[in-house]
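>>> Any chance you could fold what I've pasted below:
(2 chains)
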There are 2 protein chains.
Amino acid sequence: MTKNLQIQLARQRDGMPEDADFRLVEAELPRPGPGQILVRTVYLSLDPYLRKAIRGDHPGHDVLVEGDVIYGRSVCRVVRSDVAGYQPGDYVVAETGWQQHAVIGPEKIVQDVDPASGPLSSAIGALGMPGLTAWGSVEHISKPSLGETLVVSAAAGPVGACVGQLAIIRGARVVGIAGGSEKCDLVTKTYGFDACINYKEEGWQDQFKAACPDGVNVYHDNVGGPLLSAMAGHLALHARVVMCGRPADYHSSSFQGVGLGPFIGRRAKVFGMVVYGYEHDFTRYLRLASEWMREGRLKVKEDHADGLENAPAHFLKLMRGENIGKAIVAVGPECA
Amino acid sequence: MTKNLQIQLARQRDGMPEDADFRLVEAELPRPGPGQILVRTVYLSLDPYLRKAIRGDHPGHDVLVEGDVIYGRSVCRVVRSDVAGYQPGDYVVAETGWQQHAVIGPEKIVQDVDPASGPLSSAIGALGMPGLTAWGSVEHISKPSLGETLVVSAAAGPVGACVGQLAIIRGARVVGIAGGSEKCDLVTKTYGFDACINYKEEGWQDQFKAACPDGVNVYHDNVGGPLLSAMAGHLALHARVVMCGRPADYHSSSFQGVGLGPFIGRRAKVFGMVVYGYEHDFTRYLRLASEWMREGRLKVKEDHADGLENAPAHFLKLMRGENIGKAIVAVGPECA
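Numbers count the residues shown, from 1 in each chain, chains lettered A, B, ... in the order given. A predicted model of the protein is given here:
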């Protein structure tokens, strides 16, 4: 074990990412210095925001240039540590990038992982930031009441799935919006939503209206733009709207903006949210969510690819919206 | 006194209203039937939303057609009453329309007026719906804290003036936005705002930035559209935005929408509001606001025209933004 496979950006360009934008490189295994940790990547998270970084315009984040290791978070296992509190065999979620091993400082650690909490890969899903995002939205902001109707877009995605299931646990009626019938099946059959509307189908707005006869009390928006505008017309009086995720999309120069008239008429509250406001409540969430996972009340389907070399193809699949469930690359074994 | 002057719509058309859209008519003095009240108009309120009604597209309201009396609210005096609880000499705010006398049912009464509360004309200003709108915004929604910066657009208007002064009473720093230097003078010198920015001046955004060095904690929006988008870039973390008034403008087909990205990044809360949610608190507001008016802490400048026949010209002045203060037509004497 002296080599370290990594995937670098081969070229920075606009447009839909392609295979040729990535290259697989065999680098030397890095050695940790003082105050550093050597970790081995187990589960690598693939996230849509990467597209902006590859294009060189991810606001507020480092932008990737040719030769950079693609960045990303993963569940990883500590191999060697010069940092107090971290021992070989510990699991953490950290900013490792797309590589088999990484040398990191403790500031790159996003969370410590207790393998007893649930499946290891959940630490980048329902038991990680996507779950906490959903928790912030449902528990801290929108607080749907018994019988209220909550709607969530990108309902088959890791945040959407958790938002809906947490709302169901609170006793809400939950309607998802997703792109494709297979995703809608996942949302209703596995996650237990009351309905899921395929926005790629013609006449979906009529279907939506039928699924929400009393209007929408809470809308958790993972998408923005046109869908947010469309939802504005379906809001019930005093509706709460949580605008979440993908802020980069809003900065797109082609984005036409959202007409806010219906929000006034319905006396709606619209909340901009980012997950960083809710880290103080992560421990409580984790305790509750682990329990709900064990009881089968909180499920998250994952779409795994095996081996780091398959990360680019798996990412392109995510970009095409063909993934069913949270996109993850299983880079190495959980143990040993 | 057997005749009743009224102003009717002479023609319904698009575009900026003109003198020829109105006509002065001498009608018979109406007689109240059972369950009705004859009132005499004292102060007629002129409001921008009328423009939409004249154009025939005021959503959710009656639309005016040729020959209709122009609608509007006024402070009026009861002349004769067949309704229990209303006596000749009582003052009410009611939907009378643009006429010297009106026969109304009690459902047309918006509020009872106690002349001891303050100047009679304030009942359609700081002691009426505009004041209550400001109260709902500042006291029930945005709740600016000591030292926070509140910004309000249309700051010289009846709602804006009250929003700013109520926020000052709460200890906030208040910055107005208004169209014209005379309006800005009113806002800073009479209403006591810390600053007022004339958005018709070139470079106003730089001036605005200098006036709000720590960003905007609360923005009360009376305008919508482009100004709301501009403000989004100045919000402080956890800012509150109250979207109020002129919903009709949002329905304009030329409205480009508002980019919501900065609202997410600043974790802002955006509240759609209409005054009807706060009527339960009107009595408390009236008691406090009367006191503040007596103490000189709550002032509202009014722009009066004398005589019903001058209502169209005064309305056109309002449409051109040339009014300084709440636009009112003094139709008849307060007493007798």
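>>> quick one, what contacts the closest residue to A:K326 other than its chain neighbours?
Nearest non-adjacent residue to A:K326, counting by C-beta to C-beta, 6 or more residues apart in numbering or on different chains: A:P158, 4.2 Å away. The C-beta positions use only the backbone N, C-alpha and C, and glycine is treated the same way. For A:P158, the contact set (C-beta atoms under 8 Å, 6 or more residues apart in numbering or on different chains) comprises A:125-126, A:130-131, A:300, A:325-326.
>>> Can you list the low-confidence ranges for chain A?
A:1, A:57-62, A:245-257 (pLDDT under 70).
>>> rerun that using 90 as the cut-off
In the predicted model, chain A carries pLDDT under 90 at residues A:1-2, A:11-17, A:47-65, A:223-230, A:232, A:244-265, A:274-277, A:300, A:321, A:335-336.
>>> coming back round to it: just curious, which of the contacts of A:P158 is nearest to chain B?
The shortest distance between chain B and any of the contacts of A:P158, using C-beta to the nearest C-beta, involves A:P130 and amounts to 16.3 Å.
>>> ok, now which ones touch the closest one?
Neighbours of A:P130 in contact, by C-beta under 8 Å, 6+ apart: A:124, A:157-159, A:162, A:326.
>>> Helix or strand: which one has it?
Taking DSSP states H and E as the definition, one finds A:P130 inside helix A:129-135.
>>> Other residues contacting the following helix or strand past that helix?
Remark: after helix A:129-135, the chain's next helix or strand is strand A:149-153, criterion DSSP H and E. When contacts are taken as C-beta under 8 Å, 6+ apart, the neighbours of strand A:149-153 outside the stretch itself are A:138, A:142, A:144, A:160, A:163-164, A:167, A:172-178, A:199, A:212, A:214-223, A:227, A:231, A:234, A:236.
>>> Kindly recompute the last result at 6 Å.
Taking contacts as C-beta atoms under 6 Å, 6 or more residues apart in numbering or on different chains, the residues outside strand A:149-153 that touch it are A:144, A:160, A:163-164, A:167, A:172-177, A:212, A:216-223, A:227.
>>> try stretch A:94-112
Counting by C-beta under 6 Å, 6+ apart, the neighbours of stretch A:94-112 from elsewhere in the structure are A:4-7, A:29-30, A:32, A:36-41, A:69-74, A:76, A:83, A:92-93, A:308, A:311.
>>> What subset of these is buried?
When neighbours are counted using 16 or more other C-beta atoms under 10 Å in any protein chain shown, the contacts of stretch A:94-112 contain these buried positions: A:4-7, A:32, A:36-41, A:69-74, A:76, A:83, A:92-93, A:308, A:311.
>>> quick revisit: quickly note the distance from the residue nearest to A:K326 to A:F208.
23 Å (C-beta to C-beta, to the nearest Å).
>>> Also A:A178?
When C-beta to C-beta is the yardstick, A:A178 and A:F208 sit 12 Å from each other.
>>> of these two, who's got more company?
With neighbours defined as other C-beta atoms under 10 Å in any protein chain shown, A:A178 and A:F208 compare such that A:A178 has more, 28 against 19.
>>> Tell me what that one is bridged to.
With DSSP bridges applied, the residues forming beta bridges to A:A178 are A:N198.
>>> Okay, strands next: where are they in the stretch 1-150 of chain A?
The residue ranges that make up the strands of the stretch 1-150 of chain A, judged by DSSP state E, counting those that start in this stretch, are A:3-9, A:22-28, A:37-45, A:73-81, A:91-95, A:101-104, A:109-113, A:149-153.
>>> Using CSV, list the CA coordinates for the fourth one.
The C-alpha coordinates for strand A:73-81 follow below in CSV (Å, rounded to 0.1, in the frame of the first residue of the first chain):
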residue,chain,number,x,y,z
ARG,A,73,-16.9,14.7,1.5
SER,A,74,-16.6,11.1,2.6
VAL,A,75,-17.0,8.8,5.4
CYS,A,76,-13.5,7.7,6.1
ARG,A,77,-11.4,5.6,8.6
VAL,A,78,-8.5,6.9,10.5
VAL,A,79,-5.2,5.1,9.5
ARG,A,80,-2.7,7.1,11.4
SER,A,81,-3.2,10.1,13.6
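>>> which helices and strands does it pack with?
Using 3 or more C-beta pairs under 6 Å, 6 or more residues apart in numbering or on different chains; DSSP states H and E as the contact criterion, the neighbours of strand A:73-81 among helices and strands are strand A:37-45, strand A:91-95.
>>> could you dump the ones you listed to a markdown table with distance to A:G265?
Below are those laid out as a markdown table (distance: least, C-beta to C-beta, whole Å):
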| stretch | distance to A:G265 |
| --- | --- |
| strand A:37-45 | 40 |
| strand A:91-95 | 43 |
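>>> Make a PyMOL selection of the buried ones in the contacts of strand A:149-153.
The buried residues among these can be selected in PyMOL (16+ other C-beta under 10 Å) with this line:
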select buried, chain A and resi 144+160+163+164+167+172+173+174+175+176+177+212+216+217+218+219+220+221+222+223+227
